[in-house]
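Chemist: predicted model and sequence follow; I will ask about them next.
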Amino acid sequence: MPDCYMCLPTCENCKPKMVVCAECGARTLMDLKACPLCKAPITEEARERAWEEWRSRHE
Ligand SMILES: [Zn+2]
Ligand SMILES: [Zn+2]
């Protein structure tokens, strides 16, 4: 896990994380509770996948 949070908009750790909606496939902010397009809730599974993707890009 990143050790800083929202320090700078340009910080690689603190940039908004994107998650792929399991319902419609749209990329949306991980911080949102539901997809803005199809209104489906962002699942824990989708969040986990997004974190794994994020980690694979940062290690
Ligand atoms: Zn940071
Ligand atoms: Zn959606």
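Modeler: Perfect, I can see it now. Ligands and ions are numbered 1, 2, ... in the order given.
Chemist: quick one, helices of the chain?
Modeler: Counting by DSSP state H, one finds helices in the chain at the ranges 44-58.
Chemist: flag every residue of it that's near ligand 1.
Modeler: Taking C-beta under 5 Å from the ion as the measure of proximity, the chain contacts ligand 1 at 4, 7, 11, 13-14. Every residue, glycine included, has its C-beta placed from N, CA and C.
Chemist: tally up the residues packed near the nearest residue to residue 9 once chain neighbours are set aside, please.
Modeler: Leaving aside its sequence neighbours, residue 9 sits nearest to residue 15 (C-beta to C-beta, 6 or more residues apart in numbering; 7.3 Å). Using other C-beta atoms under 10 Å, residue 15 has 13 other residues around it.
Chemist: verify the contact between residue 15 and residue 6 for me.
Modeler: No - using C-beta atoms under 8 Å, residue 15 makes no contact with residue 6, being 9.9 Å away.
Chemist: could you check the pLDDT of the nearest residue to residue 37 once chain neighbours are set aside?
Modeler: Counting by C-beta to C-beta, 6+ apart, residue 37 lies nearest to residue 26, which is 4.8 Å off, once chain neighbours are set aside. Note on residue 26: pLDDT of 95.
Chemist: and for residue 26, the neighbour number?
Modeler: Residue 26 has 14 neighbours, counted by other C-beta under 10 Å.
Chemist: now swap in the one 3 residues further on and tell me
Modeler: Counted with other C-beta under 10 Å, the neighbours of residue 29 add up to 12.
Chemist: for it, give me its contacts.
Modeler: Neighbouring residues of residue 29 by C-beta atoms under 8 Å, 6 or more residues apart in numbering: 16-19.
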